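**Q** got a predicted model here, sequence first, then my questions.
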Amino acid sequence: VKEQILYHIQALIFLAKVLNSSHFIDVTCTFFCNFATCLINYTNIFSVETKYIFVTGGVVSSLGKGIISSSLACLLKARGYRATIQKFDPYINIDPGTLNPYEHGECYVTVDGHEADLDLGHYERFTNVPTTRANNVTTGRIYQSVIEKERRGDYLGKTVQIIPHITDEIKRNVMALGKTGNFDFVITEIGGVVGDIESLPFLEAVRQLRWELEDDCVCVHLTYVPYIQAAKELKTKPTQHSVKQLQQLGIQPDVLVLRTEHDIPSTMKKKIAQFCNVSPDAVVQSADAPSIYKVPVLMHRQHLDEIVMRKAGIEPSGEPDMSAWNEFLARMDSATDTVTIGLVGKYVELQDAYKSIDESLFQAATYCGKKVSIRYIHSEKITPGNVASLLEGIDGAVIAPGFGQRGIEGKFVALEWCRTHDLPTFGICLGMQCMVIEFARNVLGLKDANSTEMAPNTPHNVIDLMEEQKSIHNMGGTMRLGAYGCTLRQGSRVASAYGSLDISERHRHRFEFNSDYRTRFEEAGMQCVGENPDTGLVEVVEIPQLRWYIGTQYHPEYSSTVLSPSPLFLDFMKSAIAYKDEKIK
Ligand code: GLN
């Protein structure tokens, strides 16, 4: 293109010399037309139209669509593209904020204060790009918006229907992130499994978008290839049926990702390609990996990023720069020594309830060159009689966030043990509030101290409902949510951990440290070392006399990623490692 432009300029100079001036005007016009065309071609090459990748799932749930989407985004980012991932959840709740962890695992919080699906945590951990409210949309939100429009009269007397009104609203939401101009790739994960009644409007929207977006759209379908132990055989039939179901809805997948516990032979991949109308090189396997963070590498080895790019009309050049990622994996693989962290909470039997904390601990340990073993300790089961045996041998403790009375007394017992045994201890949100209550009861001698969440009539409300919460009655999306600034005290442990006095972290709570008690706490040794610069709300407490005893009202686990681990988790992990070394000595 540059050569073409140069050629035109040279031609113009030449013509200007040989022709008389009246000709020259015509020639100049032609020249500028051609020149403009060149420029348009030139910019077209370098500004990629936003490409939309849809990820659907079939056969069973829990196949790891979130991890595959995250891995793909991670690879595209490593190729220099701007990629984001969004999740569409086909349930009626407006957001997962009102769902309990038994229903939905952890509730993740975005910087802009949206209570979101935990897959958004994976998206951020893999891409290092913050998500927002626009990255997670539920059926409930789609209907809410359509119904609001109907009430406003926006539909001008039309009958409002699933098709086209709900599907149009879904399409509008799918395109919203792409239209910001901030992304080259928008990956959309459709929650649930093909065949679910609830997913139908979403899949219909995808079908329509395939037509509208033409080459800017790629469909990736994730299915399961089971292994029948008795027959010693992998079975492709569920995949064939799942793709057929998708085809019946008018969607032909471009790429198939097959979840499996055993290697799928290439002959079987060819067979699947043939039956499912997919090109043979677009069938990729996703075998069980020792760590989710290896999946991007495994996907790249099978060229998933290149296949998707080609289907989207982009010829891949070079290799993705995965050097920092691979360095992390190398640290992970070379770690031999294990640090044991106790996680005290009431949802410890649920695999996904503390996902972001688990991952933050893992990332921090990896950066410290260690393996981490998390001992899940059920707070409801902790008593003064068994606390020593339950916590025995751990190198550090995390007291988990949470809501309500259940299991709270066990947290106090655990905290008293941690504090009096000078164990590195990290209290997060409710965990921090429990640190404050335990200190009030056992150090300040305020025997009935409590949070008004647990005991509304407590005489010592050291944790109290925030003023702005007092007039709130609706439960959905009304907590103090999202990122807020926090000023740290110079010389505090927390300030040295962050290496800064001004930080910003994400929140999800209604109750706060009651500042009326602040002086009494500080005089007795628990310092309020972080506060909101606008309201003075206490965000961090620490006991400087102890090894590492810090509680944060915010959730640092939401912002810890593979390439940028949380400084506070790192510092906590270092302290746990030092404590372990000391014990050995
Ligand atoms: N239940 C407490 C509050 O609302 C803590 C919340 C949490 O741990 N996320 O303030």
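**A** That came in fine, so what should we check first?
**Q** show me where the stretch 451-585 of the chain has strands.
**A** For the stretch 451-585 of the chain, the strands defined by DSSP state E, counting those that start in this stretch occupy 461-465, 480-488, 502-509, 511-513, 527-531, 538-542, 549-552.
**Q** just put those strands in TSV and tack on mean pLDDT, mean neighbour count and distance to Lys271.
**A** Yep, even glycine has a C-beta here, placed from its N, CA and C like the rest. Formatted as TSV, these follow (pLDDT from 0 to 100; neighbours: other C-beta atoms under 10 Å; distance: least, C-beta to C-beta, whole Å):
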stretch	mean pLDDT	mean neighbour count	distance to Lys271
strand 461-465	96	22	61
strand 480-488	96	20	49
strand 502-509	97	20	47
strand 511-513	97	23	58
strand 527-531	98	23	59
strand 538-542	98	26	58
strand 549-552	98	27	54
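**Q** in TSV, list these along with distance to the ligand.
**A** Formatted as TSV, the strands of the stretch 451-585 of the chain follow (distance: least, C-beta to the nearest ligand atom, whole Å):
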stretch	distance to the ligand
strand 461-465	7
strand 480-488	8
strand 502-509	3
strand 511-513	3
strand 527-531	16
strand 538-542	12
strand 549-552	10
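**Q** tabulate those strands (TSV), appending distance to Ile357.
**A** Converted to TSV, the strands of the stretch 451-585 of the chain look like this (distance: least, C-beta to C-beta, whole Å):
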stretch	distance to Ile357
strand 461-465	21
strand 480-488	18
strand 502-509	13
strand 511-513	20
strand 527-531	19
strand 538-542	17
strand 549-552	12
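**Q** so which of these gets nearest Ala231?
**A** Set against Ala231 and scored by C-beta to C-beta, these come closest in strand 502-509, at 48.3 Å.
**Q** by contact count, what packs against that closest one?
**A** Judged by 3 or more C-beta pairs under 8 Å, 6 or more residues apart in numbering; DSSP states H and E, strand 502-509 is in contact with strand 108-109, strand 480-488.
**Q** surely Phe275 and Pro238 touch.
**A** No. The pair Phe275 and Pro238 does not pass the contact test of C-beta atoms under 8 Å, sitting 11.9 Å apart.
**Q** up against the ligand, what does the stretch 351-500 of the chain have?
**A** For the stretch 351-500 of the chain, the residues in contact with the ligand (C-beta under 6 Å from any ligand atom) are 401-403, 429-430, 453.
**Q** for Pro567, find the nearest of the strands of the stretch 451-585 of the chain.
**A** Using C-beta to C-beta, the strands of the stretch 451-585 of the chain put strand 502-509 closest to Pro567, at 8.6 Å.
**Q** for Gly97, helix, strand, or coil?
**A** helix (DSSP: H, G, I helix; E, B strand; the rest coil).
**Q** same question, Phe54
**A** Phe54 is classified as strand under three-state DSSP.
**Q** ok, now how distant is it from Ile142?
**A** As judged by C-beta to C-beta, to the nearest Å, Phe54 and Ile142 stand 16 Å apart.
**Q** with Cys368 instead?
**A** Applying C-beta to C-beta, one obtains 44 Å for the distance of Cys368 from Ile142.
**Q** hmm, back to that, ChimeraX command for the buried members of the residues of the stretch 351-500 of the chain next to the ligand?
**A** The ChimeraX selection below is limited to those of these classed as buried (16 or more other C-beta atoms under 10 Å):
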select :401,402,403,429,430,453
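**Q** could I get the residues of the stretch 351-500 of the chain next to the ligand as CSV with secondary structure and pLDDT?
**A** Shown next, in CSV, are those (DSSP: H, G, I helix; E, B strand; the rest coil; pLDDT from 0 to 100):
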residue, secondary structure, pLDDT
Pro401, coil, 97
Gly402, coil, 95
Phe403, coil, 94
Cys429, coil, 97
Leu430, helix, 97
Glu453, coil, 96
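**Q** return the member of the residues of the stretch 351-500 of the chain next to the ligand nearest to Leu488.
**A** Looking across these and measuring by C-beta to C-beta, the closest to Leu488 is Cys429, at 17.5 Å.
**Q** the closest one touches Glu557, doesn't it?
**A** No. Using C-beta under 8 Å, Cys429 is not in contact with Glu557, being 9.7 Å away.
**Q** show me where the stretch 351-500 of the chain has helices.
**A** 355-367, 387-391, 408-420, 430-442, 493-498 (DSSP state H, counting those that start in this stretch).
**Q** tell me the centre residue of the chain?
**A** By C-alpha atoms, centre = their mean, the chain has its centre lying nearest to Gly121, at 1.7 Å.
**Q** for that residue, what are its contacts?
**A** 106, 108, 355-356, 359, 558 (C-beta atoms under 8 Å, 6 or more residues apart in numbering).
**Q** could you find the closest non-adjacent residue to it?
**A** Tyr108 (4.5 Å; C-beta to C-beta, 6 or more residues apart in numbering).
**Q** so what's the one you found up against?
**A** Per C-beta under 8 Å, 6+ apart, neighbours of Tyr108: 115-121, 355-356, 558.
**Q** restricted to helices, list those.
**A** 119-121, 355-356 (DSSP state H).
**Q** just the helices in the stretch 1-150 of the chain please.
**A** 2-18, 21-46, 65-78, 101-104, 119-127, 139-152.
**Q** got phi/psi on Pro459?
**A** When read as degrees, to the nearest 10, the backbone of Pro459 gives phi -70, psi -20.
**Q** hmm, Ala440 and it touching each other?
**A** No. Judged on C-beta under 8 Å, Pro459 makes no contact with Ala440 at a distance of 11.1 Å.
**Q** which of the two has more residues huddled nearby?
**A** Legend: neighbour count by other C-beta atoms under 10 Å for Pro459 and Ala440, higher for Ala440 (25 against 10).
**Q** which residues does the more buried one contact?
**A** Counting by C-beta under 8 Å, 6+ apart, Ala440 has contacts 446, 449, 460, 462, 517, 521.
**Q** now do it against Val538, distance only.
**A** 13 Å.
**Q** swap in Glu327?
**A** Distance from Glu327 to Val538, by C-beta to C-beta: 38 Å.
**Q** related to what we said a few turns ago, farthest-apart pair in the contacts of Ala440, please.
**A** Taking C-beta to C-beta, no two of those sit farther apart than His460 and Phe521, at 11.7 Å.
**Q** of these two, who's got more company?
**A** Neighbour count, other C-beta under 10 Å: between His460 and Phe521, Phe521 has more, with 23 against 18.
**Q** from Ile503, how far out is that one?
**A** Taken as C-beta to C-beta, the span from Phe521 to Ile503 is 21 Å.
**Q** quick one: which of the contacts of Tyr108 is nearest to Arg152?
**A** Taking those together and measuring to Arg152 by C-beta to C-beta, the closest member is Glu115, at 25.9 Å.
**Q** identify the residue spatially nearest to the closest one, adjacent ones excluded.
**A** Gly97 (3.2 Å).
**Q** tally of neighbours for the one you found?
**A** Neighbours of Gly97 (other C-beta under 10 Å): 19.
**Q** count of residues packed around Ala495?
**A** Applying other C-beta under 10 Å, I find that Ala495 has 20 neighbouring residues.
**Q** where does the stretch 151-300 of the chain get nearest to the ligand, residue-wise?
**A** Gly191 (23.6 Å; C-beta to the nearest ligand atom).
**Q** test my guess that that residue contacts Pro90.
**A** Yes. The criterion here is C-beta under 8 Å, and Gly191 meets it with Pro90 at 5.6 Å.
**Q** common neighbours of these two, please.
**A** In contact with both Gly191 and Pro90: Ser199, using C-beta under 8 Å, 6+ apart.
**Q** more crowded one of these two?
**A** Comparing Gly191 with Pro90 by other C-beta under 10 Å, the one with more neighbours is Gly191, at 24 against 20.
**Q** with that, I have no additional questions.
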